[in-house]
Every structure is written in C-alpha cells, then in structure tokens.
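Novice: Pasted the sequence and its predicted model underneath.
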Amino acid sequence: MTTTASFDYLKQSRQKIWLIMGVALLLLLSVFFDIATGPGDFSLSQVCQVIFNPDAHGARLNIIIWDIRIPTALMAILVGAMLSAAGAEMQTILNNPLADPFTLGISSAASFGAAIAIVVGVETIPVFGDGLITVSAFSFALATSLFLYLFTRLRGTSSETMVLVGIALLFAFNALLSLLQYTATDAQLSQIVFWMMGSLGRANWMNITVCSVILLCVIPVFVYRGWALTSLRMGDDKAASLGVNVKRLRIEILLGVSLLAATAVSFVGTIGFVGLVGPHIARMIVGENQRFFLPMSIICGALMMSLTSIVSKSITTGVVYPVGIITALIGIPFFISLILTVQRRSWH
Amino acid sequence: MSLTIKNLSFSYPEKQVLRDVSITDLPRGKLTVLLGPNAAGKSTFFRSLAGLIAADFEQLSINNENINELTATERTQRVCYMPQIFSTNAMLTVFEVVLLAQKQLNAWSVGEDDVNAVESLLQQFEIEHLAQRYISELSGGQQQLVSICQAMARSAELFLLDEPTSALDLRHQLQVMQRLKEETEKREVITIIALHDLGLAARFADNLLLMKEGQLLGYGETEAMFSSSLIEDIYGIEIELLRNAKGSLVVTSELK
C-alpha cells in the first residue's frame, strides 16, 4: 500500500503554522478592539488616529489611549500569554490535564503575600504603596516555587509527588489567607478581596516592561526544550531512553513556569482558568507536539484574555468589571461546550 | 563489535536486584533472547545497561569502549532501550512519535529525508495507515508496534527490547521477531530481547541468556541451552524441544 504520508506530514505541519498565524491575526484584531472599547465615547477613527499620532485629538484622549487603554490591552495579552504558557508546560511536566500555574499553590502564595502586605505593610511603610503589594505577592509566589524545587531535589520529581505537595501548599496558604482576612479591618478586607478578583486596572508601562522581559527570558527555554517536553508525554522511561534527563527537565521547566505565574499573578491578581483552558484549546487544535502546541497555547491564552478584557468593559457602560470574574463566567460555558463538541479522548 | 559486562550489580535500599552479572563478548549481528521468570531482574538489567538507573559495573563496554563513562546523551545514542509498558494519553500522532525517535531530540527542522525514513519504517511494520492517528486512540498491540518502530528508528549499537511482543497477535509476533532478527543481521548490531514466550525464543533466538533472582545462570546457543536442564530448573517446568517439518525449533512445556 502506498500512501503519500511524507507529503501529508509536511503539508500538515504547514497547515498548523497557518492556523497559528490565523489565530495570531485574530489576536491583533482583538487588541485593537480592546483599545477602542472602554468608558468615554470615542469613534474608532479617533482612536486609530491617536494610536498613530498621540496628539491628534488633544491631551485628554492621548492620556486615555496611551496611559490607560493601550497598557491595559497589552497587559491583557501578556498575562494571558504568560499564564497559558505556564499552564501548558505545567500540564506537560506533571502529566496532568488539571494542572495550571495555580495547582502548585503559586497563586495562593501570591494572594497571601498580597494580603499580608495589605494588612501589615501598606500602613507601616506607606512610601511603597501599591508597589509593596506586588513585591510581596511576587516574593511569596517565588519562595513557594523555591520550596517546591528544594522538595523535589530531596524527594524526587515524580508528578504525583509534585501535585501532592502543591495541593498541600495551596491549602496551607488558603488557610493562612483566611486567618489574615479574619483579623483584617473592613477597609483592608475589601482591598484584599478586590486584589484577589484579578484586575488589569493596575497596568502601566513599567509592569508591561517587566512582564515582557520575563516572557522573553522564559519562552526561549521552553522552545529550546520543546522536543524533550514532547517526548516526556510518552512517559518518563521513554523520554529517558531518548536521552532526556527527566529530572533536570522537570526542575528547569518548573522554575520557568513559577517565574511566569508569579509575575503574572503579582501584577494582576488571581486570574484563573486561562492557564487551564488556553492549553486545552491549543491541544484540541494542533495536538501536543510542542513545536505547535507552545505557540498555539500562548496565542490562545493571549486571545482569551484580550476578549475577556473587551467584555469586562462592555457589559455596563462606564464600569470595568474585574477580569478574573469575567474569565471564569464566560470561559467555563465556552469550555464545556468545546469539550462536548470535540470528541477526542485525549486524557482518558 | 561485541558487548562485555563485568560484575553488574544493583540494589534498592531493601533488596538486591542484580548480583554480579557478567557476560563476555556477546556478539553483534545475532539475536539474543533474555529469558527468566517474573521478577528475575530482566527489566532492571536493561535499565542498568541503558543508564536509566545507576548500577555498579566493573566494566560495561561495546567494542572495548567503556559505555558507562559516557554522558547520558552520548550513551543513548549508542544504546536504545524500549521499555516494556508503553501507554500514553498524549495527543501526538503515530507519525510524530516515530519522527521524535528518529530525530532523537536534536532537530530544529524536519526535512523530506526524515519524513521518508519514518514513512518507510511505518510501512515495514504495516502501520502506515495509522500515521495520522493519535497514539492515545490506538489499541495496546498497535501502540506496541509504534514503540517497536520508534526503537528501529534509532541508530544505536545495542538494542534492548523489553517484551516487545507481549500485546501482539500471533501473526504480528512472528512478523516482529522476524524483522528484528533481519535488522540485527543487516545492521550488525547487538540485540537483546526479553521474552516470556519460549516458543518465540526457540524459533528466533541465536543465543539465550537465562536469568533468575538477579543472577545470570546461563548463556549460550539456543539449541544447546534448551537441551540442558537449565530452563526447566529456572521455570520449574518440563519442556520438550522438537523440530517441525519446516526445520524450526518448537518447544512444548508442561507443569512438573
């Protein structure tokens, strides 16, 4: 039997690349509409003009577009990309479809870090203000990752061990967070709750720079380890017999994932779901070969966040809802309908 | 090219699994079958040779070159180990996983040559019609055939295949063993296959390694080994060795 499998494979690879580029184009459109949407009644053409010429319609519009809307739109795609890339690789190294950056307690640690800064820090050291909350959230998230890392050095890197320790950390930080909330004043409590809802409102050019730098540092590592990560999906032994140092790979990727998740969470608060669903959608479209899976996950995650950002501004005129709420409310029905329509038994 | 092992031992904290396994000059181009009851240490033996676990060797050499001192990456280019259990829920196509083995991780781009090589392997094992299917959707036997294709895609000198026929139907068992024997002769490599099926071993093996309780109890040509009482002792059974009309060795076995 002669098939033209060779032709098929290379052609199929090119088709997947076109698909990725197609979704990237959607992302570009979405970012534009994200910038064009929001409180304040401006026409599309006005927005366009201000993007290309900041002073076209006066200082007020310039500030709204360049200091609020563009940073928010960019932050949305950066955070989406970070969380989705982190989720994709977390699912890969843990061999678990339920894994996302939050599975290992990283986001709970960040929330606790933010809460402790709100309750103790902001009043004690007022000079830092909101910056302190971010720094504290980031420190706790990263410390948790380091703890996980040390633990895996001691007890091995089997995916079961990592998931179990992660869940233990998750519960520990949730309990500590409740304790803090119990002792907090009303004002502090509302601040903690708002932080945890996840919001793009704190986006500014400084945050965007930091996120971009982290992404540019971590993603190349994921790309470089792409074949090894793909082979890990065939089982530890199989990967090892292909020459992959499985333990080192897990630890490297864990550090990358932690860095992405910690950064994203400390700037925008808890935005769940993107890290879980972005990779799932990517997997349904292009499969799990990392050459396609990673870029598709990143773009899907960014697109999801960008669309969420648009929706969060469009529900009630003049009100921007916290994106964390919107992601879950809109994402979940969408996700379930996807699962129901796509008949692939991938994780059975 | 030959394989020499001197005093291979491996222990878990509470239990010694391999004890002073030594083999001198296991020849290339010959199919060697490793026999032994459950928990004899066959898989551990393979994993030690492949470097997946850190075992003690006095010597491990292919062609007088010490393999144990190579880096993990260098070693996996010389030694190909196919694990016994191969099940995965990965959304990777059959074509992709064989390609992965073929490129052995050091690939940035996939060219026409690689694709042709994979295609011809899939054809050899008659699974080219599965090329675009996800590995997770295949039956156990089909997954095993893919796994064998992956092993054959590698250009190693020592092939260690752990029960490659356990999930296959009779026709595929014979076909796979035949191809493995042909490839071993053609590539002039050292192939060791762990099997539970004495019939397949008698039919295809040039040499036999007999293992029990972590020790190598016998090594020699197939017919001679079957004629000795060693196999009967190791498994606690009675066997009879016959030759069928076509000249193949046939083994029948009875409980003692």
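Specialist: Everything's here; your move.
Novice: So for residue 234, what's the nearest residue that isn't a sequence neighbour?
Specialist: Picking chain A for this. Sequence neighbours aside, residue B:88 is the residue nearest to residue A:234 in space, at 5.0 Å (criterion: C-beta to C-beta, 6 or more residues apart in numbering or on different chains). C-beta: built from backbone N, CA, C; applies to glycine.
Novice: wrong one, chain B
Specialist: Of all residues not flanking residue B:234 in the chain, residue B:212 sits nearest, at 4.9 Å (C-beta to C-beta, 6+ apart).
Novice: List the residues that contact that neighbour.
Specialist: Residues counted as contacts of residue B:212 (C-beta atoms under 8 Å, 6 or more residues apart in numbering or on different chains) are B:36, B:37, B:40, B:234.
Novice: Same list, those, but as JSON lines with neighbour count, pLDDT and secondary structure please.
Specialist: As requested, the contacts of residue B:212 are exported to JSON lines (neighbours: other C-beta atoms under 10 Å in any protein chain shown; pLDDT from 0 to 100; DSSP: H, G, I helix; E, B strand; the rest coil):
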{"residue": "B:36", "neighbour count": "24", "pLDDT": "92", "secondary structure": "coil"}
{"residue": "B:37", "neighbour count": "14", "pLDDT": "92", "secondary structure": "coil"}
{"residue": "B:40", "neighbour count": "23", "pLDDT": "91", "secondary structure": "coil"}
{"residue": "B:234", "neighbour count": "18", "pLDDT": "90", "secondary structure": "helix"}
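Novice: Which of these sits closest to residue A:225?
Specialist: residue B:40 (36.6 Å; C-beta to C-beta).
Novice: could you pull out the strands for chain B?
Specialist: For chain B, applying DSSP state E gives strands covering B:2-12, B:15-27, B:31-35, B:59-62, B:65-66, B:79-82, B:158-162, B:190-194, B:207-212, B:215-221, B:237-243, B:249-255.
Novice: What's the end-to-end length of stretch B:45-65?
Specialist: The first and last residues of stretch B:45-65 sit 19 Å apart, counting by C-alpha to C-alpha, to the nearest Å.
Novice: follow-up on the earlier one: which of the contacts of residue B:212 are the two that sit furthest away from each other?
Specialist: In the contacts of residue B:212, the most distant members under the criterion C-beta to C-beta are B:40 and B:234, with 8.1 Å between them.
Novice: Distance check, residue A:232 against residue A:248.
Specialist: Distance from residue A:232 to residue A:248, counting by C-beta to C-beta, to the nearest Å: 12 Å.
Novice: who's more crowded, the two?
Specialist: Applying other C-beta atoms under 10 Å in any protein chain shown to residue A:232 and residue A:248 shows that residue A:232 carries more neighbours, namely 25 against 13.
Novice: Residue A:177 versus the more buried one, what's the distance?
Specialist: 33 Å.
Novice: So what's the residue count around residue A:192?
Specialist: If we define neighbours as other C-beta under 10 Å, then residue A:192 has 23 of them.
Novice: wait, it sits on residue A:178?
Specialist: No. Using C-beta atoms under 8 Å, residue A:192 is not in contact with residue A:178, being 10.7 Å away.
Novice: so where do the helices sit in the stretch 1-150 of chain B?
Specialist: Listed in chain order, the helices found in the stretch 1-150 of chain B under DSSP state H, counting those that start in this stretch are B:42-50, B:72-78, B:94-103, B:112-124, B:140-152.
Novice: Check which helices and strands the first one sits against.
Specialist: Contact analysis of helix B:42-50 by 3 or more C-beta pairs under 8 Å, 6 or more residues apart in numbering or on different chains; DSSP states H and E lists helix A:236-241, strand B:2-12, strand B:15-27, strand B:79-82, strand B:158-162, strand B:190-194 as its packing neighbours.
Novice: In TSV: these, plus mean neighbour count.
Specialist: Listed next are the helices and strands packed on helix B:42-50 as TSV, based on neighbours: other C-beta atoms under 10 Å in any protein chain shown:
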stretch	mean neighbour count
helix A:236-241	23
strand B:2-12	17
strand B:15-27	15
strand B:79-82	26
strand B:158-162	24
strand B:190-194	25
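Novice: Residue B:127: which of those is closest?
Specialist: Across the helices and strands packed on helix B:42-50, closest to residue B:127 is strand B:79-82 (C-beta to C-beta), at 15.7 Å.
Novice: still on that earlier bit, make sure the residue nearest to residue A:234 is actually in contact with residue B:134.
Specialist: No. Applying C-beta under 8 Å, one finds residue B:88 not in contact with residue B:134, separated by 9.8 Å.
Novice: now the strands of chain B as CSV including mean pLDDT and distance to residue A:340?
Specialist: Converted to CSV, the strands of chain B look like this (pLDDT from 0 to 100; distance: least, C-beta to C-beta, whole Å):
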stretch, mean pLDDT, distance to residue A:340
strand B:2-12, 91, 46
strand B:15-27, 90, 48
strand B:31-35, 95, 48
strand B:59-62, 90, 54
strand B:65-66, 88, 57
strand B:79-82, 93, 38
strand B:158-162, 95, 40
strand B:190-194, 96, 44
strand B:207-212, 94, 51
strand B:215-221, 92, 56
strand B:237-243, 88, 54
strand B:249-255, 86, 52
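Novice: quick one: which of the helices and strands packed on helix B:42-50 is nearest residue A:72?
Specialist: Closest of the helices and strands packed on helix B:42-50 to residue A:72 is helix A:236-241, at 40.7 Å (criterion: C-beta to C-beta).
Novice: hmm, the next helix or strand after the closest one touching chain B?
Specialist: Heading C-terminal from helix A:236-241, the first helix or strand you meet, by DSSP states H and E, is helix A:246-268. No. Remark: helix A:246-268 sits outside contact range of chain B, by C-beta under 8 Å from any C-beta of the partner chain, the gap being at least 9.3 Å.
Novice: List the buried residues of the lengthiest helix in chain B.
Specialist: Counting residues, the longest helix found in chain B (DSSP state H) is helix B:170-187. By 16 or more other C-beta atoms under 10 Å in any protein chain shown, the buried positions in helix B:170-187 come out as B:172, B:173, B:175, B:176, B:177, B:180, B:181, B:183, B:184, B:187.
Novice: same thing with stretch B:101-121?
Specialist: Neighbour-count burial for stretch B:101-121 [16+ other C-beta under 10 Å]: B:101, B:102, B:103, B:104, B:105, B:110, B:114, B:115, B:117, B:118, B:119, B:121.
Novice: In those residues, find the pair that's most separated.
Specialist: Most distant of the buried residues of stretch B:101-121, by C-beta to C-beta, are B:105 and B:119, 20.4 Å apart.
Novice: Just name the closest of the contacts of residue B:212 to chain A, please.
Specialist: residue B:40 (18.8 Å; C-beta to the nearest C-beta).
Novice: In the stretch 151-256 of chain B, what residue comes closest to chain A?
Specialist: For the stretch 151-256 of chain B, C-beta to the nearest C-beta, closest residue to chain A: residue B:154, 8.3 Å.
Novice: ok now do that residue, which residues does it touch?
Specialist: Residue B:154 touches B:80, B:101, B:102, B:104, counting by C-beta under 8 Å, 6+ apart.
Novice: can I get the residues you listed in CSV with distance to residue B:10?
Specialist: Listed next are those as CSV, based on distance: C-beta to C-beta, whole Å:
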residue, distance to residue B:10
B:80, 20
B:101, 26
B:102, 31
B:104, 26
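Novice: Could you work out the most separated pair of those?
Specialist: Of all pairs in the contacts of residue B:154, the most separated under C-beta to C-beta is B:80 and B:102 at 11.8 Å.
Novice: Pick out the residue closest to the middle of chain A.
Specialist: residue A:83 (1.5 Å; C-alpha atoms, centre = their mean).
Novice: Look up how far residue A:100 lies from that residue.
Specialist: Distance from residue A:83 to residue A:100, by C-beta to C-beta: 8 Å.
Novice: Perfect, that will be all.
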